[in-house]
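Kindly generate the corresponding structure for this input.
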Amino acid sequence: MGDSIAKRYANALFDIANVEKKLIEYQQAYKLLTELFHEDEKILSVLSSEFLSLSDKEKIIDELTKPFELINFSNFLKLIMSKHRMNQFYRIQYEFNLLVNVVLGIVFILGGLAFVVT
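Numbering: from 1, shown residues only. Have a look, this model is predicted:
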């Protein structure tokens, strides 16, 4: 079930990024935020916390996403946070990256073999 939820959110984010013609920018923003969450795992815990108010968590997201200048990326994160889906954050990124890579024709090399995502 979690995979289908992540795919739906990833599709929604993909649609937004595609309409804005900013697929790469969204992908990079998601990657940088993921790196930040890996460096400090407490951030994701705070955004998932039931003890912090929604408005306080939204302020944190605004600060984290301000450098990207992608208002709809920030709004997307607020949505998944408000729907208690931050536990799907990494899976959504994975699914989103798959969609973007198909559109961009990204090639993966695995074990000496090249694969084109189609």
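
Show me the helices in this protein, by range?
For the chain, helices defined by DSSP state H occupy the ranges 2-19, 23-39, 41-48, 54-65, 71-82, 89-104.

Give the rounded mean pLDDT of stretch 32-43.
Summarised as a single mean, pLDDT over stretch 32-43 is 93.

which residues sit against it?
Stretch 32-43 is contacted from outside by 44, 60, 64-65, 68, 77, 89-90, 93, using CB atoms under 8 Å, 6 or more residues apart in numbering. Any C-beta I mention is one placed from the backbone N, CA and C, and that applies to glycine too.

related to what we said a few turns ago, can you lay out the helices of the chain as a markdown table showing mean neighbour count?
Output for the helices of the chain, formatted as a markdown table (neighbours: other CB atoms under 10 Å):
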| stretch | mean neighbour count |
| --- | --- |
| helix 2-19 | 16 |
| helix 23-39 | 16 |
| helix 41-48 | 14 |
| helix 54-65 | 14 |
| helix 71-82 | 18 |
| helix 89-104 | 18 |
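
Let me know whether Asn97 touches Gln28 as I believe.
No - using CB atoms under 8 Å, Asn97 is not in contact with Gln28, being 10.9 Å away.

on that earlier part again, output the contacts of stretch 32-43 as TSV; include the columns distance to Ile5.
Shown next, in TSV, are these (distance: CB to CB, whole Å):
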residue	distance to Ile5
Leu44	17
Ile60	23
Leu64	22
Thr65	22
Phe68	24
Leu77	15
Phe89	12
Tyr90	13
Gln93	13
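
Pick the one among those residues closest to Phe14.
Gln93 (11.4 Å; CB to CB).

Let me see the contact set for the closest one.
10, 30-31, 34.

Now with 7 Å, please.
By CB atoms under 7 Å, 6 or more residues apart in numbering, the residues touching Gln93 are 30, 34.
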